[in-house]
Every structure is written in C-alpha cells, then in structure tokens.
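I'd like to go over a predicted model; first the sequence, then the structure.
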Amino acid sequence: MAFEGLSQKLSSALSKLTGRGKLTEQAVREGMREVRMALLEADVNYLVVKDFCKRVTEPCVGQQVLDSLSPAQQVIKIVNEEMTALMGTENARLTWSSSVPTIYMLCGLQGAGKTTMAAKLANYLQKTGKKPLLAACDIYRPAAINQLQVVGKQVNVPVYEHGTQDPAKTALEAVERARYLGRDVLIIDTAGRLHNKKNLMEELSKMRRIIDREYSEATVRCMLIMDATTGQNGLNQAKMFKDAVEINGIILTKLDGTAKGGVAIAIRRELNVPVWYIGVGEGIDDLQAFEAKAFVNALFGDNEPDK
C-alpha cells in the first residue's frame, strides 16, 4: 500500500498517547517528537516538518486539551485537522478545454518514468471515455520514440512522432494531428532533464510558451512526473521545474516499492502544487487518482479521531 511506512510510524507514535489515561504536557511533547521523527523518516522536508509540529504542538499542550475528558483524542484530532489543512480537502482533477485537444505536457528528471507514465495516463483516460493521442518529443534518449510507440501500442493509443526535429515543432504538429484525428487529449512525452541544466529547462519553457501562444484557446497543463524514491531533494527539483514551466500537478511514481512518499506533503506545503495521481505498480493499470482526504485518513490508521 502506498505510504504504508509513514502510516505505520505515525500510528505507532499516536498510539502511545491513546494508551495513556491522563496526559501531561511532557507526554504530548514526547509524542510530537515521535511524530516529527516519523515525518522526517518518510522524507518530508525538515522545514515543513518543523513548521507542522510547531503548529500542532502549541494547541495540544493547552490546558483546554490536557484537562478534557479525552485528551488523547483531542490531540489526534488536532494533528489530523492540521494534516488535512496542509494537504487540502479538494482532490485535484484533470480539466478539459472546450477546444480540442486538451494538452498535457509530462516533464521530469531522467529516469522518473515519464514515457511509461504517458501510456498509463492515456490508458486511464481512455477508460473514462477520452480519446488520447501520444506525442514523442524526447529526441535525446536513445530509443525513446520507439519505447513510446511500444507502450502506445499496448494501450491501443496512436503516437505522433517526427524524428529528431525541434521538440516544440513536433508538439505543434501533434496538436494539429490530434485535431485531424478527432482526439480530445494530447499527452506530450518530453525529454528527461536535470533540473540544474539551464539550457534543457529553457527548452521545456520554450515548448510551453509556444503552445500557449499558438493555441491560447486550449487548456494546457504541465505535470511533473516525480520518482517517489527521490527523497528530500525532490522539493528542490520541483521548485526548479515550477519556476521554468509553471507546474500544475504532480504524478508520483514508484510508490509500490520502498518509497516513503513524504515528498508529496512537502510539495503541497511549500509550492501549493497538488498531487494528481500516484503510480503504485509496474502494470499499465497501476495508476490511481490521489485522494487527499483518504491519504490523511490512511496515515492515521486505527488512530482516526472520534467524530
């Protein structure tokens, strides 16, 4: 299960509070230290953890909570509410333009799984009644175009490619191809790049600017494909991409392995960019919509607050 490690650690920390009768300020602070460690071990950014724990601890050690009939439940309720406020209550969803097609650019670091995710997303959308077209705009990685054609065939979605010409030009041609074929979604697979390589980031920015200029009536969204095993450095990577192309949403991949997934919390808190989808396996169907409230509830396991 995605985020299982974080859920177990957080539940363990809070269970020590519920196992007590009367709570003291010292007991609450000890519990919050364990919550802090659980978040840090899940790769949540240190500054995000520090701010979160400060916002939670202050009301938890107030006399109104400590003197209540069920202080442990009050503490859990405060932690739950703060996490819910941090992650947001609205679930992000892909939006569609009245103009055909809606355009989704997939970007991210090398090895994040963009090409495979392009096919997974196309497959997911196809099941909802959409008619996607894939565009091969990775001209740098050997066999990248062929890989997209292979996975496109697996999900029965056509692929537009034009060799190694300028990726921005290929993207514009793909929009027209989608229109010609009556495809209502265009998913652009861009080249993997290092977030600190200015020339490659500028190329990505250029593609977005040209698409926005030529098709101002279309809905254009840029999704950052992020490897959930990246760890705390993931926040810095996301910042660089957001500065370059205005990231609209995140898709976390590789949450089926040893990934801790805490980067989702940090990105939401620091950049206000929602997680849209999570990849939970290697299969083509292993893509799930990210539900913020369900995510928070899962973190608390058996320690959900009383209603």
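Now that the structure is in, tell me what you want to look at.

Okay, Lys114 and Gly192: tell me how far apart.
Using Cβ to Cβ, to the nearest Å, one obtains 6 Å as the distance from Lys114 to Gly192. All C-beta spots, glycine's among them, are computed from the backbone N, C-alpha and C.

same check, this time on Leu14
From Leu14 to Gly192 the distance is 39 Å (Cβ to Cβ).

swap in Glu34?
Taking Cβ to Cβ, one finds Glu34 at 38 Å from Gly192.

The two - which one has more neighbours?
Remark: of Glu34 and Gly192, Gly192 carries more neighbours, 20 against 17, as counted by other Cβ atoms under 10 Å.

In three-state terms, label the nearest residue to the more buried one once chain neighbours are set aside for me.
Nearest residue to Gly192 in three dimensions, chain neighbours excluded: Gln110, at 3.4 Å (Cβ to Cβ, 6 or more residues apart in numbering). Here Gln110 is recorded as coil under DSSP: H, G, I helix; E, B strand; the rest coil.

So what's the residue count around Gln110?
Neighbour count for Gln110, taken as other Cβ under 10 Å: 13.

these two touch, right, it and Thr190?
No. Contact criterion Cβ atoms under 8 Å: Gln110 and Thr190 do not qualify, at 11.3 Å.

Quick check: Val296 is in a strand.
No. Membership of Val296 in a strand is not supported by three-state DSSP, which gives helix.

I'd like to check which residues are in contact with it.
80, 83-84, 87 (Cβ atoms under 8 Å, 6 or more residues apart in numbering).

Would you mind measuring from it to Arg179?
Taking Cβ to Cβ, one finds Val296 at 41 Å from Arg179.

contacting residues for Lys130?
Applying Cβ under 8 Å, 6+ apart, the residues near Lys130 are 184-185.

Over to Val220?
102-105, 208, 211-212.

Filter those residues down to the ones in strands?
Applying DSSP state E to the contacts of Val220, the entries found in strands are 102-105.

To which secondary structure element type does Ser97 belong?
Once three-state DSSP is applied, Ser97 turns out coil.

doesn't Glu217 make contact with it?
Yes. In this structure, Ser97 is within contact of Glu217 by Cβ under 8 Å, at 7.1 Å.

ok, the two, which is more surrounded?
Remark: of Ser97 and Glu217, Ser97 carries more neighbours, 16 against 8, as counted by other Cβ under 10 Å.
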